[in-house]
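Q: just to be clear, the model below is a prediction. Sequence and coordinates:
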Amino acid sequence: MFKALIFDVDGTLVDTERQGHRVAFNRAFAEARLNWVWDEALYGELLTVAGGKERIRHFIASYHPEIPCGEGELSQFIENLHAAKTRHYIDLLNREGIPARPGIIRLIKEARAAGLRLAIATTASAGNVEALLAASLDTDAPDWFEVIAAGDIVSNKKPASDIYEYVLTKLGLKAEDCLAFEDSENGLRASLGAGIPTLITVNDYTSGQDFTGAVLVIDHLGEPEQPLTCLSEAPSEAFSLVDIDVLRRLFERWTREKP
């Protein structure tokens, strides 16, 4: 039996990208009097780059290489812009909120009741993560997670496996003691790189990506009144939502079939 569940945040716990982070980036750009607008299509392209500061740097290099900054000035400019984006994002969460994806709160409550350990592995900044957990799950949700590994806590971001290896070290567990939850190909490559069996819940930005190696690919975790749709081979027994019993069956199948 697995001992811990490790969750990505953006797109996995909450569908934050389109109406959360993208909006906050655009508000920060406007505040800085930049004529940059990340529409939904462009933001979908930029999501292939993990990390907010890295995304800004990639955007500048690809679309505005004429910006006359030395490396030190550019890094500070990006740092300031990202800090403004974080401020706008937290304000958006506090004022408007973004609901958790279907099945997330239900499954986490079941996991806690079953004595499973919980952790976060994300490239989002720590401030963003704690604000999101409190706003979208519960005011004390940050305390539900034994480890919250976020932001620049490791040198290499997803698809590198560093963040997951960090979480495993902090938990004192082996990869085969855990299940990971991701929504993107980069996230899957990171978790599989650490050897952790992984369940994928896609969103509009990631539905066409390559999820080879995932133990299951679904549209969301499901609720009694909102059944999930399987997008990959599922266990032989039918199910309409992911609960601890379904996770156990998935884990047992992965254990039997792993190389």
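A: Structure received.

Q: now residue 248: which helix or strand?
A: Per DSSP states H and E, residue 248 falls inside helix 244-257.

Q: so where's the stretch 151-259 of the chain shaky on pLDDT?
A: For the stretch 151-259 of the chain, the stretches with pLDDT under 70 are 236.

Q: where do the helices sit along it?
A: Assigned by DSSP state H, counting those that start in this stretch, the helices in the stretch 151-259 of the chain fall at 162-171, 185-193, 244-257.

Q: same question for the helix holding residue 248: list its buried residues.
A: Neighbour counts over helix 244-257 (16 or more other Cβ atoms under 10 Å) mark 244, 246-247, 249-251, 253-254 as buried. C-beta coordinates here come from the backbone N, C-alpha and C atoms, glycine included.

Q: between those residues, which is nearest residue 122?
A: Residue 122 lies nearest to residue 247 out of those, by Cβ to Cβ, at 20.3 Å.

Q: ok so, going back, the helix holding residue 248 - contacts with which helices or strands?
A: helix 104-113, strand 178-182 (3 or more Cβ pairs under 8 Å, 6 or more residues apart in numbering; DSSP states H and E).

Q: what angle do it and helix 104-113 make?
A: Orientation check (axes from the mean of the first three to the mean of the last three Cα atoms, to 10 degrees): helix 244-257 against helix 104-113 gives 80 degrees.

Q: who touches helix 244-257?
A: The contact list for helix 244-257 (Cβ atoms under 8 Å, 6 or more residues apart in numbering) reads 1-2, 5, 107, 110-111, 114, 116, 176, 179, 197, 199, 215-216, 235, 237, 239.

Q: the same query, at a cut-off of 6 Å, please.
A: 2, 110, 114, 197, 215-216, 235, 239 (Cβ atoms under 6 Å, 6 or more residues apart in numbering).

Q: can you give me the strands in this structure?
A: 4-7, 117-121, 147-149, 178-182, 198-201, 216-218 (DSSP state E).

Q: can I get the CA coordinates of stretch 49-59 in PDB?
A: Extracted in PDB, the C-alpha atoms of stretch 49-59 (Å, rounded to 0.1, in the frame of the first residue of the first chain):
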ATOM      1  CA  VAL A  49       8.200  26.800 -19.900                       C
ATOM      2  CA  ALA A  50       8.000  25.900 -16.200                       C
ATOM      3  CA  GLY A  51       8.200  28.700 -13.600                       C
ATOM      4  CA  GLY A  52       6.800  32.300 -13.800                       C
ATOM      5  CA  LYS A  53      10.100  34.100 -13.900                       C
ATOM      6  CA  GLU A  54      11.400  31.600 -16.500                       C
ATOM      7  CA  ARG A  55       8.200  32.200 -18.500                       C
ATOM      8  CA  ILE A  56       8.800  36.000 -18.500                       C
ATOM      9  CA  ARG A  57      12.400  35.500 -19.600                       C
ATOM     10  CA  HIS A  58      11.400  33.200 -22.400                       C
ATOM     11  CA  PHE A  59       8.700  35.600 -23.600                       C
END
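
Q: contacts for it, please.
A: So stretch 49-59 is contacted by 46, 78, 81-82, 123, 157-158, 186 (Cβ under 6 Å, 6+ apart).

Q: turn those into TSV, including distance to residue 230 and neighbour count.
A: Below are those laid out as TSV (distance: Cβ to Cβ, whole Å; neighbours: other Cβ atoms under 10 Å):
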residue	distance to residue 230	neighbour count
46	29	20
78	40	19
81	41	21
82	37	20
123	27	28
157	30	20
158	25	25
186	22	20
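
Q: which one of those residues is nearest residue 193?
A: For those, the nearest to residue 193 is residue 158 (9.1 Å; Cβ to Cβ).

Q: mind listing what the closest one touches?
A: Residue 158 touches 50, 123, 186-187, 190, counting by Cβ under 6 Å, 6+ apart.

Q: re earlier: save the contacts of helix 244-257 as TSV, and put in neighbour count too.
A: Output for those, formatted as TSV (neighbours: other Cβ atoms under 10 Å):
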residue	neighbour count
2	22
110	16
114	13
197	23
215	23
216	24
235	15
239	16
